[in-house]
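Trainee: just to be clear, the model below is a prediction. Sequence and coordinates:
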Amino acid sequence: MRWFGLCVTSLLLLVSVPASAQTFGAPVPGMCLLSRTGAIGASRAGQSMQAQLRTAIDRDRRALEGRQSAIAPIEFQRQLGVLNQQAQAFEQQQNARFIAAQTRGQQQIDRALNEALSRVITRNACGVVMERDHAYGWNNAMDITSAAAREMDGILQNVALQ
């Protein structure tokens, strides 16, 4: 029974450990790994863009709901078709604006990431940079993701979507 308790405790400890890659062997000189989405998501600029896009979506949703509830109950059935057409047109316009804003924001983030990577790659003497998210395991000394995010924070903190 004691052995069973020890196994269960060990299993619980293993499950509670954060999911990270196992460290495989010694670092390979000149080889660096980067999680592009991880670096962008951890950077202030990436977080700024996500917050702004979410705010814009919520604002547009409230405006659309406000227009729908402004219709008098007597006219609701008659104007429902017109309202649905307006809502669809409004949504299409907003989708186009959202995509344009997202593109502008992503271009700013890509420029900052490229500049940050240039610095981090030079500093770490990377001969090759591979996408970390597709690796089964790695030596953490080869991971430049957090360094790239920190470097991005020094280059760009807020994204201008307008």
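Mentor: Nice, thanks for sending it over.
Trainee: surely Phe98 touches Arg54?
Mentor: No: judged on C-beta atoms under 8 Å, Phe98 makes no contact with Arg54 at a distance of 10.8 Å. In short, each C-beta sits where N, CA and C put it, glycine included.
Trainee: pick out whichever of these two has more residues nearby.
Mentor: Between Phe98 and Arg54, counted using other C-beta atoms under 10 Å, the more crowded position is Phe98 (16 against 10).
Trainee: strands of this structure, start to end?
Mentor: 31-34, 128-131 (DSSP state E).
Trainee: mean pLDDT and distance to Ile121 for the ones you listed - can I get that in CSV?
Mentor: Formatted as CSV, the strands of the chain follow (pLDDT from 0 to 100; distance: least, C-beta to C-beta, whole Å):
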stretch, mean pLDDT, distance to Ile121
strand 31-34, 95, 7
strand 128-131, 96, 6
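Trainee: out of those strands, the one nearest Met142 is which?
Mentor: Among the strands of the chain, the nearest to Met142 by C-beta to C-beta is strand 31-34 (5.1 Å).
Trainee: could you say which of the strands of the chain is packed most deeply?
Mentor: strand 31-34 (a mean of 22; mean count of other C-beta atoms under 10 Å).
Trainee: where does this protein dip in pLDDT?
Mentor: Low-confidence segments of the chain, defined by pLDDT under 70, are located at 1-22, 56-58, 60-65, 67-69, 71-84, 86-87, 89-91, 93-94.
Trainee: that one: helices as residue ranges?
Mentor: Ranges of helices in the chain, per DSSP state H, are 2-16, 36-42, 44-69, 76-124, 145-155.
Trainee: tell me what the shortest one is packed against?
Mentor: The contact analysis (3 or more C-beta pairs under 8 Å, 6 or more residues apart in numbering; DSSP states H and E) places helix 36-42 against helix 44-69, helix 76-124, helix 145-155.
Trainee: kindly recompute the last result at 10 Å.
Mentor: In terms of contacts (3 or more C-beta pairs under 10 Å, 6 or more residues apart in numbering; DSSP states H and E), helix 36-42 is packed against helix 44-69, helix 76-124, strand 128-131, helix 145-155.
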